[in-house]
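In: got a sequence here, can you model it:
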Amino acid sequence: QVQLIESGGGLVQPGGSLRLSCVVSGLPSSHYARGWFRQTPGKEREFVAGMSWFTGDRITYADSVKGRFALSRDYAKNTLILEMNNLELEDTAIYSCAAGRWLGHDTDDYDYWGQGTQVTVSS
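Out: Residues are numbered from 1 along each chain as shown. Purely as a prediction, here's the structure:
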């Protein structure tokens, strides 16, 4: 059974930081890419960042988070980590971890999803 379990969401003021983690288990292959998406009410799910898991040498970000967010991994713990800095009001969303056969920016590139964790940026 595939499981993606996110943690680390919460309430933060503009300019603050949060660290999201996603522990993954049960995937059919260690070559599956991992990524983060976010969604706000009434909008489609939006790509945030993604990584080629096996080598970790390919990382891609959405333009809206470049320079503020950093994606990394703890390979031994099968954990994907998203460091979010200089958070803005517009970053408020439910953040979901995903795994798939392709490192892409579309939801169709990913086959497995976590339940999501709420990130709220507010003064």
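In: beyond the helix or strand Leu80 falls within, next helix or strand please.
Out: If you go by DSSP states H and E, Leu80 is part of strand 79-84. Heading C-terminal from strand 79-84, the first helix or strand you meet, by DSSP H and E, is strand 93-100.
In: quick one: strands adjacent to that next one?
Out: strand 33-39 (antiparallel), strand 112-113 (antiparallel), strand 117-121 (antiparallel) (DSSP bridges).
In: ok, and what's touching that strand?
Out: 2, 4-6, 9, 20, 22, 24, 27, 32-40, 45-46, 48, 53, 80, 82, 107, 109-119 (C-beta atoms under 8 Å, 6 or more residues apart in numbering). For every residue, glycine as well, the C-beta is placed using N, CA and C.
In: picking that back up, any idea which of the strands paired with strand 93-100 is most buried?
Out: strand 33-39 (a mean of 23; mean count of other C-beta atoms under 10 Å).
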